[in-house]
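# Below is the sequence, then the predicted model.
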Amino acid sequence: MTRLSQYLLPTERQAPADAEAVSHKLMVRAGLVRQMGAGLWTWLPAGWRVHRRVEAVVRQEMDAIGGQEMLMPVLQPADLWRRSGRYEIDELFKLLDRRRAELVLAMTHEEAVTFHVASLVRSYRDLPKILYHFQVKERDEPRPRAGVLRTREFIMKDSYSFDRDPDGLAASYQRHIEAYDRMLDRCGLEWYRVVSDVGIMGGTAAHEYMAPCPAGENEVALAPGYAANVEVAAADAVPVSLPDAGEQPVELSTPGLVTVEQVAGALGVEPGALLKAYPVVADSAGMVLVMVRGDHRVNELKLARALGERARPAHEEEIAEQLGPPGFIGPVGIDARVPVLVDEAVAEGAYVTGANRPDRHLRGAVPGRDFSFRRADVRRVEAGDTVDGQAIRIEPAIEVGNIFQLGTRYSEALGASYLDEHGREQPIWMGSYGIGPARIAAAAVEQFADEQGISWPRTIAPFAVSLIAVGKADGAERRAAEQLYGQLVEGGLDVLYDDRDAGPGEKFADAELLGCPLRLTLGRRSLESGTVEVQVRRGRQAREGIPISEDPTQEIRSLWETLP
RNA sequence: CGGGGAGUGGCGCAGUCUGGUAGCGCACCCGGCUGGGGGCCGGGCGGUCGCAGGUUCAAAUCCUGUCUCCCCGACCA
């Protein structure tokens, strides 16, 4: 049923007042989704069509690499999650049934699939395997946001690979890379595959698929031949000119100057000629003084990796007690008491840094001469840094997919092993691979929207064609449109036929808001020329009318196939 | 979890300060006109003002409590 007069497509002229992201506003306005609660969304018929189109692409590519589709429950015994060590995750929904048995709502399905594989797979002959499903995920998000981009309940395709050894895992991983590349290409998105953090729970490799868009929650560092999540990105810093080192550091009076900008300005040096102190307290190592260039920032994730444990910024009292007055902290003279960690981007030379005395800085502090230190890459990359001589840029992006080499973490915890050719028990090597159709849809909205509304890539558009009849309900235009509608449907095209008794302006506006790739119009004007008018939604280009004296379906289909 | 904002008809809002029994635009329904970019005229339907308690002759409005939603940050296995 795709006559608009009968179809549930509640378009709105105004976006909800609380909507901020483009995709949030447009998906609501276009009648694709409606909110039920924080991070809880209903997909209305047209929106669900988009979702299912994305699913279809994902399913085809999963099947193409030998994936086998199945379905596992969302409601699961808590015990499995205790065994895997993930029960304590705050985002995990926990509940009790009437007998007070503990259950959880799954946020992914590693436990479930490993549970089954553990009991069903016995022999090396049963491996490798790729199993996948499309299933609802539940996450008690601290802050759902941006419409459908970050929700508490969403559908994900998650697949799991099971291999005999690390080489097998690498091969399965590679097949997923190729499948994911194809999925996102086919969905018409602009995307990057970036190196990502493997997470605290380990694993040997991980990539994220990022779709750049303004509402994105992540940042990616990009250069020709390079793409990485800013969380893990490493690049060469822009060099900075340093003043000559003297015989020893000279103490300067810098009353009240506590920021890099203030000190650099007062001393007439570049911010990068300062060493900025960032005291942290690590879980077991205690206070560590992290030093980065004045124009750089600490990357907490890289710092945690360098320290081998979590660390938090030190409190003012801790700083005052162990180092000196906050704002005037530096590495000179304290390195015997507090370990100093210097970022790799700090080149050899003399720097300005805090003197650990009120209203005093040091000029000419030389790492190694004036204080001892350990070196590590702990800074966040900045736009303009280089990788292989190429400047990077940093863009916001939404994570639409991620792939992990899990290794044996879950198989060992849940007892998924097999007997090898020699009858020896071996752990199964696993990978996990997620992709979110809702995020792909929202990213497409973000990437291709214009003033008029959405402009879908044709592979995931809710309909191939919006057909508009302009004119009276019983007029010749309407009769011609009815006939054309019948021909197009007969020819296998997905058509949304606007047969409402509404004005032309309203119909055009709604069609462009919904964003199907082709808009066909039949009205007085086109009837006089014996054609149906054609507009390509992307760019709103008018194309030459297509004669309707004979069935134009093939010609329309051919045109549609050329669209992005 | 910290900070900020908001709950009044389907959507967007006014009314709250100064208490007097709810209003506007759009949408919707009926009739008519119009018929190529959200058109016009006339007539209508629809809201226990988030919820609970309190003050008062009287509460959308004042007081107390509570729930929900949004934004920024933190968090995001």
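Good, I have the coordinates. Numbers count the residues shown, from 1 in each chain, chains lettered A, B, ... in the order given.

# Now residue A:51: phi and psi?
phi -60, psi -50 (degrees, to the nearest 10).

# what's near enough to touch it?
Shown in contact with residue A:51 (C-beta atoms under 8 Å, 6 or more residues apart in numbering): A:43, A:155, A:437-438, A:441. Glycine gets a C-beta too; all of them are placed from N, C-alpha and C.

# Quick check: the farthest pair among those?
Checked with C-beta to C-beta, the contacts of residue A:51 reach their widest spread between A:155 and A:441, with 10.9 Å between them.

# who's more crowded, the two?
residue A:441 (29 against 17; other C-beta atoms under 10 Å).

# how much space between the more buried one and RNA strand B?
Remark: distance between residue A:441 and RNA strand B (C-beta to the nearest atom of the strand, to the nearest Å) = 17 Å.

# Name the SS class of residue A:55, please.
helix (DSSP: H, G, I helix; E, B strand; the rest coil).

# you'd agree it is up against residue A:157?
Yes: counting by C-beta atoms under 8 Å, residue A:55 does reach residue A:157; the two are 7.1 Å apart.

# residues bridging contact with the two, i.e. touching both?
In contact with both residue A:55 and residue A:157: A:134, A:437, using C-beta under 8 Å, 6+ apart.

# between these two, who's got more neighbours?
residue A:157 (23 against 17).

# For that one, name its beta-bridge partners.
residue A:134, residue A:435 (DSSP bridges).

# what's the helix or strand for the residue most central in space within chain A?
Most central in chain A under C-alpha atoms, centre = their mean is residue A:399, positioned 0.9 Å from the mean C-alpha point. Under the criterion of DSSP states H and E, residue A:399 resides in strand A:393-407.

# which other helices and strands contact that strand?
Packing partners of strand A:393-407 (3 or more C-beta pairs under 8 Å, 6 or more residues apart in numbering; DSSP states H and E): helix A:166-186, strand A:205-212, strand A:218-223, strand A:429-435, helix A:437-448.

# among these, which is nearest residue A:385?
Going by C-beta to C-beta, the one of the helices and strands packed on strand A:393-407 nearest residue A:385 is strand A:218-223, 7.9 Å.

# Check which element follows that closest one along the chain.
Heading C-terminal from strand A:218-223 (DSSP H and E), you reach strand A:226-229.

# Do that following strand and RNA strand B come into contact?
No: judged by C-beta under 7 Å from any atom of the strand, strand A:226-229 stays clear of RNA strand B, getting no closer than 10.8 Å.

# Could you list the paired strands of the helix or strand following that strand along with their orientation?
Heading C-terminal from strand A:226-229, the first helix or strand you meet, by DSSP H and E, is strand A:250-253. Looking at strand A:250-253 with DSSP bridges, its partner strands are strand A:360-365 (antiparallel).

# Now the partner strand - C-alpha only, CSV.
C-alpha atoms of strand A:360-365 as CSV (Å, rounded to 0.1, in the frame of the first residue of the first chain):
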residue,chain,number,x,y,z
ARG,A,360,57.4,31.7,39.0
HIS,A,361,58.3,29.9,35.8
LEU,A,362,61.6,28.5,34.5
ARG,A,363,63.1,29.4,31.2
GLY,A,364,65.6,27.0,29.6
ALA,A,365,64.5,23.8,31.2
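
# tell me how far it is from the chain's mean position?
Relative to the centre of its chain, strand A:360-365 is centred 43 Å away, using C-alpha atoms, centre = their mean, to the nearest Å.

# how about that strand: buried residues?
Within strand A:360-365, the residues that count as buried by 16 or more other C-beta atoms under 10 Å are A:360-365.

# Restricting to C-alpha, output stretch A:12-32 in CSV.
Coordinates of the C-alpha atoms in stretch A:12-32 are reproduced here as CSV (Å, rounded to 0.1, in the frame of the first residue of the first chain):
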residue,chain,number,x,y,z
GLU,A,12,5.7,17.8,10.0
ARG,A,13,6.4,21.3,8.9
GLN,A,14,8.3,22.1,12.1
ALA,A,15,10.9,19.9,13.8
PRO,A,16,10.5,19.0,17.4
ALA,A,17,11.7,21.8,19.6
ASP,A,18,14.2,19.6,21.4
ALA,A,19,15.8,18.2,18.2
GLU,A,20,19.3,19.4,17.5
ALA,A,21,21.0,17.0,15.0
VAL,A,22,20.0,17.3,11.4
SER,A,23,19.1,13.6,11.2
HIS,A,24,17.0,13.9,14.3
LYS,A,25,15.0,16.8,12.9
LEU,A,26,14.6,15.4,9.4
MET,A,27,13.8,11.9,10.3
VAL,A,28,11.0,13.1,12.5
ARG,A,29,9.8,15.7,10.1
ALA,A,30,9.8,13.2,7.2
GLY,A,31,7.6,10.8,9.2
LEU,A,32,10.2,8.1,9.4
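
# wait, does that stretch contact RNA strand B?
Yes: contact of stretch A:12-32 with RNA strand B (C-beta under 7 Å from any atom of the strand) involves A:12-21, A:24.

# Most neighbours among the residues you listed, please name it.
Most surrounded of these: other C-beta under 10 Å gives residue A:24, at 25 neighbours.

# if I pick it, what's in contact with it?
Residue A:24 touches A:15-16, A:146-149, A:215, A:442, counting by C-beta under 8 Å, 6+ apart.

# Could you list the low-pLDDT ranges of the stretch 101-250 of chain A?
Within the stretch 101-250 of chain A, the stretches with pLDDT under 70 are A:198-203.

# Filter the contacts of residue A:24 down to the buried ones.
Buried among the contacts of residue A:24 by 16+ other C-beta under 10 Å: A:146-149, A:215, A:442.
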